[in-house]
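In: Need coordinates for the below:
(one chain, ligands or ions: 2)
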Amino acid sequence: MAAILGCIADDFTGGTDLAGMLVKAGMRTVQMIGVPSAPLPGDAGAIDAIVVALKSRTAPAAQATTESLAALQWLKDAGCRQFYFKYCSTFDSTDAGNIGPVTDALMDALGARFTIACPAFPENRRTIYKGYLFVGDELLSESGMRHHPLTPMTDPSLVRVLQRQTSRRVGLVSHDIVARGGMAIRERMARLEREGVGIAIVDALSNADLMQIGEALDGMPLVTAGSGIALGLPQNYRKAGWLGDDAAADRILAPPGLRAVISGSCSEATNAQVAHFIAGGGPAHAIDPLRLAAGEPVVEQAIAWAEPLLASGPPLIYATATPGAVKAVQERLGAERAGALVEDALAAIARGLVARGVRQMLVAGGETSGAVVKALGVTGLHIGPQIDPGVPWTVTLGETPLALALKSGNFGGTDFFTKAWSTLA
Ligand SMILES: Nc1ncnc2c1ncn2[C@@H]1O[C@H](COP(=O)(O)OP(=O)(O)O)[C@@H](O)[C@H]1O
Ligand SMILES: O=C(O)[C@@H](O)C(=O)COP(=O)(O)O
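Out: Numbers count the residues shown, from 1 in each chain. Ligands and ions are numbered 1, 2, ... in the order given. Predicted coordinates for the structure are as follows:
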């Protein structure tokens, strides 16, 4: 049977986050890197959901919509029956887009008159109440996201944020309705649609809320959300008889081989993970962006440092640095140049390590993961078991499979770099 759910993710780690959620809910899922130029390859096997991961979060809005529409067409051709636009659980976007423009374009293409927008991810402490997004105990605008270099989030009202990005009217399904269950949510959505609302922010505080909202989304052509909402969709497919009870949707065959960790994220969570790994005696090698800028052989030195260590456990190669150190580098090189230099270097190091037998790799950081996956020529990923909420193991499609875990900067427990391997075994 063809895949049921077709998803478009606006970045790679966001894609694996969503795909992991679907797998956890019992759907066999693959993630494609960019819009494939051919139908799904035969080695993808039997699948229930497909995620096409783009790098469109901060692209110009016109480019993001064009790519998203191409992904939609490919997913339609693959036979998918419901579509899902996945963005960040912190609603990363600017007044120029891309959540509004991409949603508008997808709705137009699908002839959808109504959809929801719900970035809630309670397991990672992203909740929505009265349309206001909370990150842990803080409003979005008081969280670290207010300092994001590309998409600073300074308004916690998702209704206002989205209304500035779309000409459709934005409304709200508030928590008092959500608490009354699927039928009440459906009725409120129908009423909002009659009143001329095109997109409704939906409150959600818990996984139980996500299940009720999921029930109400049965038959909605397009859902837009973070990864959390995915939890509640498979129940509809089971009821329709489209989806069996596969208790092992997360089954992957991890290739044996050497292990390594590459980290280019500078988030608080990743800084803590790097510090924990080093404190535990893990071998670690720092990449200095200023030495990269000076043209020194940083990549070659890092590979030469790692090579003899590979046999005895995963070495860590990291550019991860504290906000003060990153700021100092950015003042010297410019944020964009510093980012690109580090991404290119880490991607080249990843390629070098794979050439030396690494087959299992953790990569920390959304942009960093994008650069690594592209450098390795990865076209698609089979999604496996969850390591921590939002981060599953994956195995690349193709002839020389690699086990990859692409970790969004903010996700994962402090011991992520050491504990992740046991999930793979
Ligand atoms: N020491 C550093 N100085 C400046 N920029 C850095 C440094 N280390 C990493 N970077 C850059 O910071 C960005 C981190 O983004 P990303 O990989 O998406 O992580 P996250 O998921 O935490 O946002 C990348 O562009 C990376 O190259
Ligand atoms: O929804 C989320 O929070 C994540 O899936 C995600 O998209 C995070 O983005 P990055 O931190 O840029 O990887």
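In: for K76, what are its contacts?
Out: G6 (Cβ atoms under 8 Å, 6 or more residues apart in numbering). Heads up, the C-betas are built off the backbone N, CA and C, glycines and all.
In: Just give the closest residue to A53, not the sequence neighbours.
Out: G15 (3.2 Å; Cβ to Cβ, 6 or more residues apart in numbering).
In: roughly how far is the helix or strand containing T224 from the heart of the chain?
Out: Taking DSSP states H and E as the definition, T224 sits inside strand 222-225. Averaging C-alpha positions (Cα atoms, centre = their mean, to the nearest Å) puts strand 222-225 15 Å from its chain's average.
In: Mind listing the strands that strand pairs with, and their directions?
Out: Note on strand 222-225: by DSSP bridges, its sheet partners are strand 82-86 (parallel), strand 115-118 (parallel).
In: all helices for the stretch 201-350 of the chain, in order.
Out: 207-216, 234-239, 268-279, 289-293, 298-306, 323-333, 335-355 (DSSP state H, counting those that start in this stretch).
In: Name the stretch among those that sits most buried.
Out: Among these, helix 207-216 has the highest mean neighbour count (mean count of other Cβ atoms under 10 Å), at a mean of 21.
In: wait, does that one contact ligand 2?
Out: No. Using Cβ under 6 Å from any ligand atom, helix 207-216 stays clear of ligand 2, with a minimum separation of 13.5 Å.
In: start the count at 787, not 1, going forward
Out: OK, 787 is where the count begins now, so the last one is helix 993-1002.
In: other SSEs contacting that helix?
Out: Secondary structure elements in contact with helix 993-1002, counted by 3 or more Cβ pairs under 8 Å, 6 or more residues apart in numbering; DSSP states H and E, are helix 961-964, helix 968-980, helix 1020-1025.
In: Touching, S1155 and A1161? I think so.
Out: No. Using Cβ atoms under 8 Å, S1155 is not in contact with A1161; the gap is 10.7 Å.
In: Which one of those two is surrounded by more residues?
Out: Neighbour count, other Cβ atoms under 10 Å: between S1155 and A1161, S1155 has more, with 31 against 18.
In: Now the more buried one: closest residue in space, sequence neighbours ignored.
Out: That would be L1192: by Cβ to Cβ, 6+ apart, it lies 4.0 Å from S1155.
In: next one: T851
Out: T851's closest residue in space is A891 (Cβ to Cβ, 6+ apart), at 4.1 Å.
In: In a helix, that neighbour, correct?
Out: Yes. The assignment for A891 by DSSP: H, G, I helix; E, B strand; the rest coil puts it in a helix.
In: Could I get the helices of the stretch 987-1136 of the chain in a markdown table, plus columns for mean pLDDT and distance to R932?
Out: As requested, these are exported to a markdown table (pLDDT from 0 to 100; distance: least, Cβ to Cβ, whole Å):
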| stretch | mean pLDDT | distance to R932 |
| --- | --- | --- |
| helix 993-1002 | 98 | 26 |
| helix 1020-1025 | 96 | 35 |
| helix 1054-1065 | 96 | 14 |
| helix 1075-1079 | 98 | 24 |
| helix 1084-1092 | 98 | 33 |
| helix 1109-1119 | 93 | 13 |
| helix 1121-1141 | 96 | 17 |
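In: Could you say which one of those helices comes nearest to I790?
Out: helix 1020-1025 (5.3 Å; Cβ to Cβ).
In: what's in contact with the closest one?
Out: Contacts for helix 1020-1025 (Cβ under 8 Å, 6+ apart): 790-791, 808, 811-813, 834, 997, 1000-1001, 1003-1005, 1029-1031.
In: what's the neighbour count on the single nearest residue of the stretch 1087-1211 of the chain relative to ligand 1?
Out: Using Cβ to the nearest ligand atom, G1195 is the residue of the stretch 1087-1211 of the chain that sits closest to ligand 1, at 1.9 Å. G1195 sits with 23 neighbouring residues when counted by other Cβ under 10 Å.
In: Next, it: secondary structure please.
Out: G1195 ends up coil, using three-state DSSP.
In: Verify the stated contact: it with N1057.
Out: No. Using Cβ under 8 Å, G1195 is not in contact with N1057, being 9.6 Å away.
In: ok, now which ones touch the residue in the stretch 987-1136 of the chain that ligand 2 sits nearest to?
Out: Going by Cβ to the nearest ligand atom, ligand 2 is nearest to G1012 of the stretch 987-1136 of the chain, at 4.4 Å. For G1012, the contact set (Cβ under 8 Å, 6+ apart) comprises K872, Y873, C874, S875, C904, P905, A906, F907, R912.
In: From P1007, how far out is the second one?
Out: It stands for Y873. 18 Å (Cβ to Cβ, to the nearest Å).
In: cool, the third one as well?
Out: Noted for C874: a distance of 22 Å to P1007, by Cβ to Cβ.
In: So if I had to pick from those two, which one is more boxed in?
Out: The residue with more neighbours, out of C874 and P1007, is C874; 27 against 16, by other Cβ under 10 Å.
In: about what we covered before: as CSV, the helices of the stretch 987-1136 of the chain with distance to V838 would be great.
Out: Shown next, in CSV, are the helices of the stretch 987-1136 of the chain (distance: least, Cβ to Cβ, whole Å):
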stretch, distance to V838
helix 993-1002, 21
helix 1020-1025, 19
helix 1054-1065, 26
helix 1075-1079, 32
helix 1084-1092, 31
helix 1109-1119, 31
helix 1121-1141, 21
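In: Phi and psi next, for the spatially closest residue to K810 that is not a sequence neighbour.
Out: The shortest distance from K810 to any non-neighbouring residue, by Cβ to Cβ, 6+ apart, is to Q1172 (5.8 Å). Main-chain torsions, Q1172, degrees, to the nearest 10: phi -70, psi 140.
In: Show me how the record splits this protein into domains.
Out: With automatic domain parsing as the criterion, the domains of the chain are listed as 791-1025, 1044-1210.
In: how about a markdown table for these, with distance to A1035 added?
Out: Output for the domains of the chain, formatted as a markdown table (distance: least, Cβ to Cβ, whole Å):
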| stretch | distance to A1035 |
| --- | --- |
| domain 791-1025 | 5 |
| domain 1044-1210 | 8 |
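In: Name the nearest residue to P1175, ignoring sequence neighbours.
Out: Distances taken as Cβ to Cβ, 6+ apart place E909 nearest to P1175, at 4.2 Å, with adjacent residues excluded.
In: swap in Q868?
Out: Per Cβ to Cβ, 6+ apart, closest to Q868 is L791, 5.4 Å.
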